[in-house]
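Enquirer: Here is the input, now give the coordinates:
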Amino acid sequence: MAQKSWRNFSGPPLANFLIWSAMVVSALLFLESWLEITNQPVGIVKLLNQAGFTRYKPSQSPSKGIWHLTGWVGSGCFILMMLYSLRKRFKFMVDVGGIGHWLNMHMLLGGVGTAFVTVHSTYKFGGIVALSYWSAVLVVVSGFLGRYLYVRIPRTVEGNELRMDEIGSLMEELNAQIAKFSPGSRLAELIENKAPLKKGGNGDVSALFSFFSGDFEEMRAIRSIKAELKRDKETSDHVKRRLLWLIKKKRRLLQSHMFLDASHRLLHHWHVFHKPFAIIMFVVMFLHIAVYYVFKG
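Expert: Prediction:
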């Protein structure tokens, strides 16, 4: 029941709201940072001060004004995003939402945290703290590739990787549902023969390029399948939408199955690259905070 309520709470509308809210707030912060650094006569903070909402003074120092607060918020985002790692490692958190929602929040907090510490720095990237900042940038940027590789491996809602027999069972179930929604094999036959999936080279680099090119080929294939469904006048729109969803899911599963070994290898290489920068980011960040409080007087 807990998992069901989480799914209802964390559906796409909430995710879209959080993403757009984060983008708007980040954009406003970058705008305010430009206004303060260039000594403009107007500013968001000045307007909020006049309205009595805040008492921050415009500043070009990371330790003063609103930029001190953004540093704390950015650091907090970095700490909170590590809850995703706890969700993956501890069994008692299995029922606390699907792993996909946690991964999306992990990435969102990483991006927001980086935006906040960027304006916190007032674009002064010197000293050892620059090591933490650029590590954070690398962690966030490489995180997009990591997510791309992670979702290519078939998993359950809890985040457990599907076994080969489970993948086979899922494929049989998809085939049965496709056959159910497309009786009179002509439509299913036309769809199944559209743009067959291709397997690239065996090397890791060639496999990665095959992933990217395969995604573009899939988009063309899906457009072709949509056109085929549109030409069919006997099938209802509801059935067409359901059939298209099933076909997309089947093709993604087939592609994931073909490149399963390569996905595992690439994800391992990605972890080797990603984790050290995350560790450096946190070590220097906490050191920076400690040094600030030791010498602030």
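
Enquirer: Please identify the buried residues of the helix or strand encompassing residue 134?
Expert: Taking DSSP states H and E as the criterion, the element that holds residue 134 is helix 129-150. Neighbour counts over helix 129-150 (16 or more other Cβ atoms under 10 Å) mark 129, 131-133, 135-136, 138-140, 143, 146-150 as buried. C-beta: built from backbone N, CA, C; applies to glycine.

Enquirer: next structured bit after that helix?
Expert: helix 164-181.

Enquirer: Just name whatever secondary elements that following helix is in contact with.
Expert: With contacts taken as 3 or more Cβ pairs under 8 Å, 6 or more residues apart in numbering; DSSP states H and E, helix 164-181 sits against helix 237-258.

Enquirer: Mind giving me the packing neighbours of the helix or strand following the helix it packs on?
Expert: Helices and strands here follow DSSP H and E; after helix 237-258, the next one along the chain is helix 260-295. Applying 3+ Cβ pairs under 8 Å, 6+ apart, we find helix 260-295 packed against helix 65-81, helix 129-150, helix 204-231.

Enquirer: Any chance of JSON lines for those, columns distance to residue 88 and mean pLDDT?
Expert: Listed next are the helices and strands packed on helix 260-295 as JSON lines, based on distance: least, Cβ to Cβ, whole Å; pLDDT from 0 to 100:
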{"stretch": "helix 65-81", "distance to residue 88": "13", "mean pLDDT": "93"}
{"stretch": "helix 129-150", "distance to residue 88": "10", "mean pLDDT": "92"}
{"stretch": "helix 204-231", "distance to residue 88": "23", "mean pLDDT": "82"}
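
Enquirer: Rebuild those helices as a markdown table, extending it with distance to residue 23.
Expert: Shown next, in a markdown table, are the helices and strands packed on helix 260-295 (distance: least, Cβ to Cβ, whole Å):
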| stretch | distance to residue 23 |
| --- | --- |
| helix 65-81 | 14 |
| helix 129-150 | 14 |
| helix 204-231 | 24 |
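
Enquirer: Please name whichever of the ones you listed is nearest to residue 43.
Expert: helix 65-81 (9.8 Å; Cβ to Cβ).

Enquirer: tell me the angle of that closest one relative to helix 129-150?
Expert: 40 degrees (axes from the mean of the first three to the mean of the last three Cα atoms, to 10 degrees).

Enquirer: How about residues contacting helix 65-81?
Expert: 29, 32-33, 36, 45, 54, 56-59, 61-62, 105-107, 109-110, 112-117, 119-122, 136, 281-282, 285, 289 (Cβ atoms under 8 Å, 6 or more residues apart in numbering).

Enquirer: Give me the buried entries from those.
Expert: Buried among the contacts of helix 65-81 by 16+ other Cβ under 10 Å: 29, 32-33, 36, 45, 54, 56, 58-59, 62, 105-107, 109-110, 112-117, 119-122, 136, 281-282, 285.

Enquirer: remind me which residues of the stretch 51-200 of the chain are low pLDDT?
Expert: 157-159, 182-200 (pLDDT under 70).

Enquirer: Residues touching the helix holding residue 134, excluding its own?
Expert: With Cβ under 8 Å, 6+ apart as the criterion, helix 129-150 contacts 78, 103, 106-107, 110-111, 113-114, 117-118, 121, 125, 211, 263, 266-267, 270-271, 273-274, 277-278, 280-281, 283-285, 288.

Enquirer: For residue 122, list the residues it contacts.
Expert: 33, 37, 59-62, 67.

Enquirer: Among the helices and strands packed on helix 260-295, single out whichever gets nearest to residue 251.
Expert: helix 204-231 (6.5 Å).

Enquirer: Could you list the buried residues of that closest one?
Expert: Result for helix 204-231 [16+ other Cβ under 10 Å]: buried residues 207-208, 210-211, 214, 217-218, 221-222, 225, 229.

Enquirer: same thing with stretch 251-259?
Expert: 251, 253, 255-259.

Enquirer: Return the member of the residues you listed nearest to residue 167.
Expert: Distances from residue 167 to these, taken by Cβ to Cβ, are shortest for residue 257, at 5.9 Å.

Enquirer: Residue 151: what's it in contact with?
Expert: residue 100 are the contacts of residue 151 under Cβ under 8 Å, 6+ apart.

Enquirer: so how far is residue 104 from it?
Expert: 11 Å (Cβ to Cβ, to the nearest Å).
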